[in-house]
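Participant: Please work out how this folds:
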Amino acid sequence: MIVASFLLVASAPARSWSQAVFVSVQTATLITAFWTSGLWHDRRPVLLVVAVGLLAAAGQIASGSDTAIGIVGLVDVVVIVATCAVIGLGVFDQGEVNRQSVLGAVSIYVLIGMLFTFAYGAAASLGSGAFFAQGTDGTPSIRLYFSFVTLATLGYGDYTPAGDVGRTLAIAEALLGQLYLVTVIAVLVANLGQTRRGPQ
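Facilitator: Numbers count the residues shown, from 1 in each chain. Purely as a prediction, here's the structure:
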């Protein structure tokens, strides 16, 4: 579902209803992550996030304004943070470092890139002026591209944020992306196949 979300954002047209589709797919991803993590016994917090996500999607379709697009983008960020938390708990509950826990950690890395994609979209919709210094807010696919270029600290320079909010988000994403790779992913791969030790 994460790959499907990525492909959807990369190929969706820049229309107001696209954001409603994005939040619906992210909400379905959260439900799937929650269901497969084994945490379904206490479903109230996730059902609350799901309800907010679906209400935001319906509101976006009904309104279509820039403010609604920005608010739905922020809801998308919350849904993705919840999904990352659920997957992270699933990785920790494995009890050992195996392929499934490494795949979960890589999924979180991809979701971080998606999270910032929607944060940039919210900043573009709610802010005044163009989000990028190149004079455009960008399409969802351009913001996705910019997000993953920033997450991987490639820095091509073809798109750069124009305002303080965009620059701050880009710095946070670059730092988070590098720290996540050199800590979480590196530690998991280095310990692949080892059982986690309990308290002594």
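
Participant: and the residue nearest to Leu181 when sequence neighbours are not counted, backbone torsions?
Facilitator: Leaving aside its sequence neighbours, Leu181 sits nearest to Tyr109 (Cβ to Cβ, 6 or more residues apart in numbering; 7.2 Å). Every C-beta, even on glycine, is put in place using the N, C-alpha and C of the backbone. As for Tyr109, its main-chain torsions (degrees, to the nearest 10) stand at phi -60, psi -40.

Participant: in the helix or strand of the chain with the lowest mean pLDDT, what's buried?
Facilitator: When the helices and strands of the chain are compared on mean pLDDT, DSSP states H and E, helix 44-63 comes out lowest with a mean of 77. Neighbour-count burial for helix 44-63 flags 46, 49-50, 53-54, 56-57, 59-61 (criterion: 16 or more other Cβ atoms under 10 Å).

Participant: low pLDDT regions in this protein?
Facilitator: For the chain, the stretches with pLDDT under 70 are 39-42, 64, 193-200.

Participant: What are the contacting residues of stretch 144-151?
Facilitator: Applying Cβ atoms under 8 Å, 6 or more residues apart in numbering, the contact partners of stretch 144-151 are 6, 9-10, 109, 112-114, 116-117, 120, 132, 138, 155-156, 159, 170, 173-174, 176-177.

Participant: same check, this time on stretch 14-31
Facilitator: The contact list for stretch 14-31 (Cβ under 8 Å, 6+ apart) reads 1-2, 4-5, 8-9, 12, 46, 49-50, 53-54, 56-58, 60-61, 64-65, 68-69, 72-73, 75-76, 79-80, 82-83, 86, 114, 118, 121, 139-140.
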